[in-house]
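J.: Sequence first, then the predicted structure, then my questions.
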Amino acid sequence: MTDPPIAEPYGDDNVIPEPGSKPSMPRWVRAFVIIAIILVLAAVVGFLTGQLGPGGDHGPGRHTGSAGGPALSSAVQPDPGAGAAEAAAAQGWMLSPPRQ
Amino acid sequence: MTMSPGLRKLALATHLTLSVGWIGAVAAYVALDAAAATSEDAQILRAAYIGMELIARKVIVPLAFASLLTGIVMSLGTKWGLFRHYWVLISFLLTIIAIGVLMVETQTISYLAAVAADPTTSAADLRRLGNTLVHSVGAAGVLVVILVLNLYKPRGLTRYGWRKQLSTPQRNSKTSG
């Protein structure tokens, strides 16, 4: 058994280019690149408008617990029946609240 | 450097297993992510976030790197090459991008899981944690695109592949009949 033959490798039209001429980019690659550019631009617009940035709905800095901080309010009320540690954690929103 | 047929079969089986496993793991992750996005139940939210981290760190990340590694081995060990054909090159680039986003996103997932695992986290805070659906569904889409490219192997030589083909003697010229 051998490797499958790589048939018709010269692009959509399967035209063998003249010696010295460069092969043209296939149509499917062009379409792929255009779609990729559109998606990247959409992401950039999302970052610029704040939807995808650290302060937006999602993004790398959303839940890192650093400056971006979690999307949790500092006035979160603890569940009914929560103990003192829970209340303290809820008020200050600490990543690692002190344990008893 | 071309692999022997037996070795190529083994490498292909390994690569397919790891790659399809990666897609399956992402599908399981999306299910938990969707639960985290829609559920109001604190126990479900805790379980979902913790499960998301386990799947991401213990399954998706290892499978992603293993799939990338076996893919590189497959491309370099066969006539396809890594930079000769557009479908291989695009698959490679998409895999690199997917892994990059995954590694950044894993930090977010770990944070979500840590908060969810903390028994002092209130139900209200759990509901505000959010989700990673945009990334997980996007990752699933990218992986499916890579899978389709690898199955259909659309034609198209890169300039590098074209030069390499010109520099090597043609053995597969077709004869009529």
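T.: That came in fine, so what should we check first?

J.: For residue B:36, which non-adjacent residue is spatially closest?
T.: Distances taken as Cβ to Cβ, 6 or more residues apart in numbering or on different chains place residue B:48 nearest to residue B:36, at 4.2 Å, with adjacent residues excluded. In short, each C-beta sits where N, CA and C put it, glycine included.

J.: so how far is residue A:23 from the nearest residue to residue A:29 once chain neighbours are set aside?
T.: Computed as Cβ to Cβ, 6+ apart, the closest residue to residue A:29 that is not its neighbour in sequence is residue B:86, at 4.8 Å. Per Cβ to Cβ, to the nearest Å, residue B:86 is found 10 Å from residue A:23.

J.: who has more neighbours, these two?
T.: residue B:86 (22 against 19; other Cβ atoms under 10 Å in any protein chain shown).

J.: contacting residues for that one?
T.: For residue B:86, the residues meeting the contact criterion (Cβ atoms under 8 Å, 6 or more residues apart in numbering or on different chains) are A:25-26, A:28-29, B:154, B:156-158.

J.: Pretty sure the residue nearest to residue B:36 sits in a strand.
T.: No. Under the criterion used here (DSSP: H, G, I helix; E, B strand; the rest coil), residue B:48 is helix, not part of a strand.

J.: Who are the contact partners of it?
T.: The contact partners of residue B:48, by Cβ under 8 Å, 6+ apart, come to B:32-33, B:35-36, B:39, B:116.

J.: Read off the pLDDT value for it.
T.: Among the per-residue scores, residue B:48 shows a pLDDT of 96.

J.: can you give me the mean pLDDT across the top helix by length along chain A?
T.: Looking across chain A with DSSP state H, the single longest helix is helix A:27-48. Per-residue pLDDT values over helix A:27-48 give a mean of 91.

J.: Which of the helices and strands in chain B ranks last by mean pLDDT?
T.: For chain B, using mean pLDDT, DSSP states H and E, the weakest element among its helices and strands is helix B:159-167, scoring a mean of 88.

J.: buried set for that one?
T.: Residues B:161-162, B:165 are the ones in helix B:159-167 that count as buried (16 or more other Cβ atoms under 10 Å in any protein chain shown).

J.: gap between the residue nearest to residue A:29 and residue B:134?
T.: Separation of residue B:86 from residue B:134 (Cβ to Cβ): 28 Å.

J.: Please apply the same query to residue B:154.
T.: Distance of residue B:154 to residue B:134, given as Cβ to Cβ: 28 Å.

J.: before we move on, what about residue B:94?
T.: Applying Cβ to Cβ, the value for residue B:94 to residue B:134 is 17 Å.

J.: what about the least confident helix or strand of chain B, distance to the chain center?
T.: Going by Cα atoms, centre = their mean, to the nearest Å, the spacing between the C-alpha centre of helix B:159-167 and its chain's C-alpha centre is 29 Å.

J.: residues contacting residue B:82?
T.: Remark: with contacts taken as Cβ under 8 Å, 6+ apart, residue B:82 is in contact with B:72, B:75-76, B:88-89, B:92.

J.: Sorry, slip of the keys, the one I care about is residue B:30.
T.: Under the criterion of Cβ under 8 Å, 6+ apart, the neighbours of residue B:30 are B:133, B:136-137, B:140.

J.: hmm, 10 Å instead?
T.: The contact partners of residue B:30, by Cβ atoms under 10 Å, 6 or more residues apart in numbering or on different chains, come to B:52, B:55, B:132-133, B:136-137, B:139-140.
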